[in-house]
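Enquirer: have a look; sequence and predicted model below, questions after that.
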Amino acid sequence: MTEEIIIAGFGGQGVLSMGKILAYAGLMEGKEVTWMPAYGPEQRGGTANVTVIVSDDPVSSPILSSYDTAIVLNQPSLEKFEPKVKPGGTLIYDSYGIPEPPKRTDIDVYRIDAMDAAAEMNLIKTFNMIVLGGLLKIHPVVGIDSVLAALRKTLPERHHHLIPKNEEAIRKGMEIIKKL
Amino acid sequence: MADQEITLMKGNEAIAHAAIRCGCDGYFGYPITPQSEVLETLAEQKPWETTGMVVLQAESEVSSINMVYGGASSGKKVMTSSSSPGVSLMQEGISYMAGAELPALIVNVMRGGPGLGTIQPSQSDYFQACKGGGHGDYHLIVLAPASVQEMADFVDLAFTLAFRYRNPAMILADGAIGQMMEKVVLPPFKPRRTEEEIIKECPWATTGRIGGRKPNIITSLELRSEEMEIINLRIQAKYREIEAKEVRYEEYMLDDADYAIVAFGSAARIAKKSIEIARSQGIKVGLLRPITLWPFPTEEVKSLAGRVNGILSLEINAGQMVEDIRLAVEGKVPVRHFGRLGGIIPDPDEVVEVLKSSF
């Protein structure tokens, strides 16, 4: 199994940290993982994206031409990465940042209203975990227990009391993601 | 146990952890993207409180490299790291260290040039690293890591080679390897050498004239030409020995290959993906990955000439290593180059297209 994922959105949405938690969870399951950020003079409000590869085999290129799954969280990212999803692949988007929805019919398109859900739950900062929950529902690349273990491992101890909130967010994402 | 823990980190962070663990005595550096995490991680780890390793942010790259010169003169295991423009500033000091035959580690996490260029990945310092960079007839031992694990492993290897041959060594990485996170098993802790061990291992070093021994003088200056030629010949003989003994490379799917890609560092990773894609389309391609860029695996590249119908040099630059490949194959097989410039990384599909149209 190899899952090649691109996560793209605005800086500040938690794109890079969502990728990091996914990669860390893969590592904890003994998988091969690569996390490759499109680093640059990035800033809050600018664009940010990260390629995460989780595989049973050693990972070749950290830089890819096409992806099994694209998670896009703003309009520029949709325009950039929709054409790069492999035929038969998956695209997940949040309608909040994307007024013009995806058009391809040869891929599975899922919508997740994560921003709205985060606002409703009064947990804006767990937006990225809602999205991650959505991904894990349709592609269980890693187990939810591994994600929680990864959070315990990567978050400083003073933030560990927030882990249940993150779990709540992941479960919310699993609940609200829907196929178009 | 804790030594063998598998963890997830950036290539730059792996360099810093590996330095502490291999018994490095001192790091002197100045921040620059995309390698700043080396100094940042060292500052976070505070090795001066544990192993006693010195970590110092100098006022410039010129100072950093001269601090390395000073530390290396006394037989200490010292290093610096920077990215392309910063490494350009260090060239004078590097040439002096090669001339004074000093072991040290310089890490270059390359970004696109020339000039200040971009902060994105590039491999356009191959010439600078392998063909001198500074003035005079000298070489660095140049290692090219292709994974975060190799970033960690090559720190100790670079120091070992540097001390074995009394010559500066360089880890030539790029922004992609520096910034990406992968699984890594950090090397086990080795204690820093004691003063007695340094005196024994480095009888040439300025360790203090204990017992009234003859003074050791560290210099690259010798105004008598006859003497300077003798020094040069000795250094050249050392380089021939390194070329004979220290070539390192990896072969991948070359056994049945009709074509070969030669690539190092992150370009070699991209090449592996391109090979998967090309083979799924019935094109038999393999990879030769030089791990030491100097000494270059000349014989291994030469042997490809009789085995494949064409060689593609995949580099994230305008064509630098391709010259060494052409020298090695002596025109016996077509050699093409492909690269992207200015911080753009070639993607695996475009490499496959280039392969199809090149031969």
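Expert: Sure, I can see it.

Enquirer: pLDDT of the helix or strand where B:Val155 lies, averaged?
Expert: B:Val155 is located in helix B:148-165, with elements delineated by DSSP states H and E. Averaged over helix B:148-165, pLDDT sits at 98.

Enquirer: what's the helix or strand that it is followed by packed up against?
Expert: The helix or strand immediately downstream of helix B:148-165 is strand B:168-174, counting by DSSP H and E. Contact here means 3 or more Cβ pairs under 8 Å, 6 or more residues apart in numbering or on different chains; DSSP states H and E; on that basis strand B:168-174 packs against helix B:91-99, strand B:104-110, helix B:126-130, strand B:141-143, helix B:148-165, helix B:265-280. C-beta coordinates here come from the backbone N, C-alpha and C atoms, glycine included.

Enquirer: okay, the angle between the second one and helix B:91-99?
Expert: To tie it back to what came earlier, the one meant is strand B:104-110. 140 degrees (axes from the mean of the first three to the mean of the last three Cα atoms, to 10 degrees).

Enquirer: so for strand B:104-110, mean pLDDT?
Expert: In this model, strand B:104-110 has a mean pLDDT of 98.

Enquirer: likewise for the last one?
Expert: Taken as a whole, helix B:265-280 has an average pLDDT of 98.

Enquirer: list of residues touching it?
Expert: A:60-64, B:121, B:123, B:144-147, B:172-174, B:176-177, B:250, B:252-253, B:261, B:263, B:284-287, B:289, B:314-316, B:339, B:345-349, B:351-352, B:355 (Cβ atoms under 8 Å, 6 or more residues apart in numbering or on different chains).

Enquirer: between that helix and strand B:104-110, how big is the angle?
Expert: 50 degrees.

Enquirer: so what's the nearest residue to A:Leu180 once chain neighbours are set aside bridging to?
Expert: In this structure, A:Leu180 finds its nearest non-sequential neighbour in A:Val109, 4.6 Å apart by Cβ to Cβ, 6 or more residues apart in numbering or on different chains. Beta bridges link A:Val109 to A:Leu91 when assigned by DSSP bridges.

Enquirer: list the contacts for A:Val109?
Expert: A:Thr90, A:Leu91, A:Ile92, A:Tyr93, A:Pro101, A:Pro102, A:Lys179, A:Leu180.

Enquirer: swap in 10 Å and give it another go.
Expert: For A:Val109, the contact set (Cβ atoms under 10 Å, 6 or more residues apart in numbering or on different chains) comprises A:Glu82, A:Val85, A:Thr90, A:Leu91, A:Ile92, A:Tyr93, A:Pro101, A:Pro102, A:Lys103, A:Lys179, A:Leu180.

Enquirer: among the helices and strands packed on strand B:168-174, which is nearest B:Ser303?
Expert: Among the helices and strands packed on strand B:168-174, the nearest to B:Ser303 by Cβ to Cβ is helix B:265-280 (18.4 Å).

Enquirer: skip ahead from that closest one and say which helix or strand is next.
Expert: For helix B:265-280, the following helix or strand on the C-terminal side (DSSP H and E) is strand B:285-290.

Enquirer: what is that next one packed up against?
Expert: strand B:249-252, strand B:259-262, helix B:265-280, helix B:298-304, strand B:310-314, helix B:321-329, helix B:348-358 (3 or more Cβ pairs under 10 Å, 6 or more residues apart in numbering or on different chains; DSSP states H and E).

Enquirer: centre of the chain to it, how far?
Expert: 19 Å (Cα atoms, centre = their mean, to the nearest Å).

Enquirer: hang on, the earlier thing: the residue nearest to A:Leu180 and A:Thr90, how far apart?
Expert: Applying Cβ to Cβ, to the nearest Å, the value for A:Val109 to A:Thr90 is 8 Å.

Enquirer: using the three-state scheme, assign the residue lying farthest from the centre of chain A.
Expert: What lies farthest from the middle of chain A is A:Arg158; by Cα atoms, centre = their mean that is 24.5 Å. Using DSSP: H, G, I helix; E, B strand; the rest coil, the secondary structure recorded for A:Arg158 is helix.

Enquirer: mind checking pLDDT for it?
Expert: 94.

Enquirer: ditto for the one 10 residues further on
Expert: According to the per-residue confidence, A:Glu168 scores 96 in pLDDT.

Enquirer: filter the contacts of helix B:265-280 down to the buried ones and hand me the PyMOL line.
Expert: A single PyMOL command selects the buried members of the contacts of helix B:265-280 (16 or more other Cβ atoms under 10 Å in any protein chain shown):
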select buried, (chain A and resi 60+61+62+63+64) or (chain B and resi 121+123+144+145+146+147+172+173+174+176+177+252+253+261+263+284+285+286+287+289+314+315+316+339+345+346+347+348+351+352+355)
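
Enquirer: thinking again about what came up before, buried deepest among the helices and strands packed on strand B:168-174, which one?
Expert: strand B:104-110 (a mean of 30; mean count of other Cβ atoms under 10 Å in any protein chain shown).

Enquirer: angle of that strand against helix B:148-165?
Expert: 150 degrees.

Enquirer: how about the residues of chain A by chain B?
Expert: A:4, A:19-20, A:23-24, A:26-28, A:30-41, A:50-53, A:58-66, A:84, A:150, A:153-154 (Cβ under 10 Å from any Cβ of the partner chain).

Enquirer: that's all I had, so thanks and see you.
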